[in-house]
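> Next come a sequence and a model predicted from it.
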Amino acid sequence: MRDIGWIVLKDLRQQVRDRTIFIFGLVAPLAIAAALSLAFGGFFQTDEAVVFEFGVSNADAGGPISEAFSVAMAELETEGLVGITFHRDRASLDRAVEDGEVDAGFFIPDGFSQAIVDGWDAEVVVVASPEAPVVAGVATSIAEQFALEVASASAAGATLAILGGFTPEQMVQAGLTASQANPPARVASLEAEVRRLDGPTYYSAGAAMFFMVFVVGVGLLSLLEERKRHTLARLLSSPVGPGRILAAKFILSITVGVGSVGLFMLFSRFLLGARWVDLPITALLVVAAVGAAAGIVSLVAGWARTAEQAQNFQSVVAVAMGILGGTFFPIGGDSFLATLSLATPHAWFMRGLGDLSGGGGLAVVARPLVVLAGMAVVTLTISVLGARRSLRP
Amino acid sequence: MNTPVTAPAPDPSPLVLQVEDLHKSYGEIHAVKGVSFQIAPGENYGLLGPNGAGKTTTIQMIAGVLAADGGRVTVCGKELTTSTTSVKSHIGWVPQEVALYDRLSARENLAFFGRMQGLSGKTLAKRVDEVLGLTALADRAGDKTVKFSGGMRRRLNIGIGLLHQPDLLILDEPTVGVDVQSRASILDQVAEMTSRGMAVLYTTHYIEEVERLCHRVGIIDHGTMIAEGTRAELVRMVGERDRVLITADGNLSEGADRLSELDGVHQAGITAEGMELLVDDAAPLLPRVFETLTRSGVAASGVRVEEPDLEAVFLHLTGRALRD
């Protein structure tokens, strides 16, 4: 096993001396993340003068909790944070959204308050257009924040005091923070929580993932480079087995990928203000995402006959997966593109970080983590088998 | 005339390398067709053949880099395949192309490949220093190899093959692109290694290197070993004659006709510079040749007699020049 370590160390030394890896692993993602944060970070900020028009229809008239929601929304309007219009029924609200009179709406069904008091699930319906994912995200988050407050208050036995710890600013902040959310039709449970990344963190995570794909191809590329420079033949003539050479190259990919993302996260924390929470779980997500990306890149680039060809393949994969995976712009809703994005490790990585941002630890990121690990195992296994054909002089 | 020539019996001492009926195909191309030969300890064996003859493919199979389709390679009594890693430590392979890491220094290259051969600690450090001295690169040990001249890179390329003091050193065209001084140094080193008991398998385009260094020579063409033996045996086996090259002017046609009638002259032809003769033994015949030329009205201004060499042998066996 020691020879594997020596090969990895030798390759790392060469990569460090080449310096290209710092450009792709650190400089470029920092520049892109900073630029995107400056250009589009407004959607994530609370100090931007964004005022959305919301409609409210309360079929639970007289219910203490639904009344509290209406009062809270009216208070938001008073403070100039949102515009509010009240509608007599659901049909009127739907029409207003459809006609564009309001950006989104909230419908509180009949029996809403009583259901909560009795301990049953109840729902606030968010009405929004799928074509307006940002405002839908804001509305959803306001509803979720309200649900969270109700859930907390219920647990404390103080259902009617829910507004005590719930300021209008908090509601809007939560909503604006989540502007990249899916445009859901409804909030299904009052236990829903706000799980969204802020602007700098979102774009830092996206840039890290996008450029990491360029970096993780280093193992396969160095194998092709060794073949070109005849050092592979020399290695094959030594007592080191071909399997160990291959293992070293894949370990190199994972090491460089994890190292560059880790370094980038450190720099983005201080330079861009990105917030990386629960570092051990975040590290697990990074390792799984790097493994999946390395596997996919190796799988595609493995078809190449030369290092140059492999680099071209790698670039195509990086750009396609970066856009599809929502690293630059959120892909929300129930669209075909949103479903397709789940085929990329990028989407699952971003989702995992988003889930983690609301707290909850390993349990809340289990699904993204398992999907990423599964992608890594499957693609790496296939690419290792395929890469054996590269082990010839 | 590609009839295989029977090789002389090898040294009865334990063999370092035994190659038996080696085969390799690339699709429809049968690159190596049943090559067999043996090398004893301290023996320097030259493998001669034109480009595309199958030399490098044969050598890569012997080095355990390329899997053979058929046949057997035994090194120090152990069978070698691409996956039998322990046997490979007996072999030092110097590939035809310079195989170095440009961004590593000479010392780092040596240390890395030494570790791949299982060397470590003080043994590794000692051998690295020795090889740096042997290749005259000690004063440039810390420089990245990308800054090295072609000759320095070649010397380091060879040094890596010597690092672990192998029983069998395989040198594939080691002096290509090397300056005259470095080449002489390399040839001296190879001769010294052989004298210390290391077996050497040597391929080169330079006939004079094979004639100077190699105890036995195998000639390979179209993937087949067409002749094998010592230099003298090979020359004798094909019965090569002396070539007499005459720089001359005048009635060349009549001169050629008259010369071809002389005893001991097998062929007389006209060339751009004069005439070329094929004779059994040039020395006693030359006075009669010049007398005949004078009588024919041919003025000779120079003469050169060429002894038969391995190139002539190859030409004789295949009808082609070695460097075609």
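Yes, it's here.
> okay, now the residue lying closest to residue A:242 once chain neighbours are set aside: neighbour count?
Computed as C-beta to C-beta, 6 or more residues apart in numbering or on different chains, the closest residue to residue A:242 that is not its neighbour in sequence is residue A:391, at 4.6 Å. To be clear about C-beta, it is placed using only N, CA and C from the backbone, and glycine gets the same treatment. By other C-beta atoms under 10 Å in any protein chain shown, 20 other residues sit near residue A:391.
> got a list of what residue A:391 touches?
Residue A:391 makes contact with A:223, A:232, A:236, A:242, A:245, A:246, according to C-beta atoms under 8 Å, 6 or more residues apart in numbering or on different chains.
> Show me which helix or strand of the chain is least confident by mean pLDDT.
Using chain A. Among the helical and strand segments of chain A, the one scoring lowest on mean pLDDT, DSSP states H and E is helix A:168-177, with a mean of 45.
> meant chain B, my bad for not saying
Lowest by mean pLDDT, DSSP H and E among the helices and strands of chain B is helix B:310-318, with a mean of 74.
> Counting by contacts, list what it packs against.
With contacts taken as 3 or more C-beta pairs under 8 Å, 6 or more residues apart in numbering or on different chains; DSSP states H and E, helix B:310-318 sits against helix B:207-213, strand B:216-221, strand B:224-229, helix B:231-238.
> measure residue A:387 to chain B for me?
According to C-beta to the nearest C-beta, to the nearest Å, residue A:387 and chain B sit 16 Å apart.
> Same check on residue A:301?
To chain B, residue A:301 is 21 Å away according to C-beta to the nearest C-beta.
> can you map out the strands along the stretch 1-150 of chain B?
Counting by DSSP state E, counting those that start in this stretch, the stretch 1-150 of chain B has strands at residues B:17-26, B:29-39, B:44-48, B:70-75, B:78-79, B:91-94.
> can I get those strands in JSON lines with distance to chain A and mean pLDDT?
Output for these, formatted as JSON lines (distance: least, C-beta to the nearest C-beta, whole Å; pLDDT from 0 to 100):
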{"stretch": "strand B:17-26", "distance to chain A": "11", "mean pLDDT": "94"}
{"stretch": "strand B:29-39", "distance to chain A": "13", "mean pLDDT": "93"}
{"stretch": "strand B:44-48", "distance to chain A": "17", "mean pLDDT": "92"}
{"stretch": "strand B:70-75", "distance to chain A": "12", "mean pLDDT": "93"}
{"stretch": "strand B:78-79", "distance to chain A": "12", "mean pLDDT": "90"}
{"stretch": "strand B:91-94", "distance to chain A": "4", "mean pLDDT": "93"}
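> Turn those strands into JSON lines, including mean neighbour count.
Formatted as JSON lines, these follow (neighbours: other C-beta atoms under 10 Å in any protein chain shown):
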{"stretch": "strand B:17-26", "mean neighbour count": "18"}
{"stretch": "strand B:29-39", "mean neighbour count": "19"}
{"stretch": "strand B:44-48", "mean neighbour count": "26"}
{"stretch": "strand B:70-75", "mean neighbour count": "18"}
{"stretch": "strand B:78-79", "mean neighbour count": "11"}
{"stretch": "strand B:91-94", "mean neighbour count": "27"}
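> between those, which one is nearest to residue B:310?
Residue B:310 lies closest to strand B:44-48 among the strands of the stretch 1-150 of chain B, at 6.3 Å (C-beta to C-beta).
> Which residue is the nearest non-sequential neighbour of residue A:338?
Leaving aside its sequence neighbours, residue A:338 sits nearest to residue A:331 (C-beta to C-beta, 6+ apart; 5.2 Å).
> how many neighbours does the one you found have?
Neighbours of residue A:331 (other C-beta under 10 Å): 24.
> I'd say it and residue A:344 touch.
No - using C-beta atoms under 8 Å, residue A:331 is not in contact with residue A:344; the gap is 10.0 Å.
> which residues of the stretch 151-300 of chain B fall in strands?
For the stretch 151-300 of chain B, strands defined by DSSP E, counting those that start in this stretch occupy the ranges B:168-172, B:199-203, B:216-221, B:224-229, B:242-250, B:265-270, B:274-279, B:298-306.
> Adding mean pLDDT, mean neighbour count and distance to chain A, write those out as JSON lines.
As requested, those are exported to JSON lines (pLDDT from 0 to 100; neighbours: other C-beta atoms under 10 Å in any protein chain shown; distance: least, C-beta to the nearest C-beta, whole Å):
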{"stretch": "strand B:168-172", "mean pLDDT": "93", "mean neighbour count": "24", "distance to chain A": "8"}
{"stretch": "strand B:199-203", "mean pLDDT": "92", "mean neighbour count": "25", "distance to chain A": "13"}
{"stretch": "strand B:216-221", "mean pLDDT": "92", "mean neighbour count": "24", "distance to chain A": "19"}
{"stretch": "strand B:224-229", "mean pLDDT": "92", "mean neighbour count": "22", "distance to chain A": "22"}
{"stretch": "strand B:242-250", "mean pLDDT": "87", "mean neighbour count": "18", "distance to chain A": "39"}
{"stretch": "strand B:265-270", "mean pLDDT": "80", "mean neighbour count": "16", "distance to chain A": "45"}
{"stretch": "strand B:274-279", "mean pLDDT": "82", "mean neighbour count": "21", "distance to chain A": "42"}
{"stretch": "strand B:298-306", "mean pLDDT": "90", "mean neighbour count": "15", "distance to chain A": "37"}
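> Any chance of those in a markdown table with distance to residue A:203 as columns?
Below are the strands of the stretch 151-300 of chain B laid out as a markdown table (distance: least, C-beta to C-beta, whole Å):
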| stretch | distance to residue A:203 |
| --- | --- |
| strand B:168-172 | 54 |
| strand B:199-203 | 59 |
| strand B:216-221 | 63 |
| strand B:224-229 | 66 |
| strand B:242-250 | 80 |
| strand B:265-270 | 83 |
| strand B:274-279 | 81 |
| strand B:298-306 | 78 |
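> Relative to residue A:206, which of these is closest?
Closest approach to residue A:206 among these is made by strand B:168-172 (50.2 Å; C-beta to C-beta).
> can you put the contacts of residue A:391 in TSV and add secondary structure and pLDDT?
Formatted as TSV, these follow (DSSP: H, G, I helix; E, B strand; the rest coil; pLDDT from 0 to 100):
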residue	secondary structure	pLDDT
A:223	helix	86
A:232	helix	92
A:236	helix	91
A:242	helix	84
A:245	helix	90
A:246	helix	88
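> Report the contact partners of residue B:85.
Contact partners of residue B:85, counting by C-beta under 8 Å, 6+ apart, are A:239, A:240, A:241.
> in a helix, that's where the second one is, yeah?
No - secondary structure of residue A:240 (DSSP: H, G, I helix; E, B strand; the rest coil): coil, not part of a helix.
> ok, it - contacts?
Residues near residue A:240 by C-beta under 8 Å, 6+ apart: A:3, A:7, B:85, B:116.
> Do you have the helices of the stretch 251-393 of chain A handy? List them.
Ranges of helices within the stretch 251-393 of chain A are A:279-301, A:307-324, A:336-341, A:345-357, A:362-387, based on DSSP state H, counting those that start in this stretch.
> Which of those has the highest mean neighbour count?
Ranked by mean neighbour count under mean count of other C-beta atoms under 10 Å in any protein chain shown, the helices of the stretch 251-393 of chain A are led by helix A:345-357, which reaches a mean of 26.
> Which residues does that helix contact?
By C-beta under 8 Å, 6+ apart, helix A:345-357 touches A:195-197, A:201-202, A:205-206, A:209-210, A:275, A:277-278, A:281-282, A:285-286, A:288-289, A:292-293, A:296, A:321-322, A:324-327, A:331, A:341-342, A:364-365, A:368-369, A:371-372, A:375.
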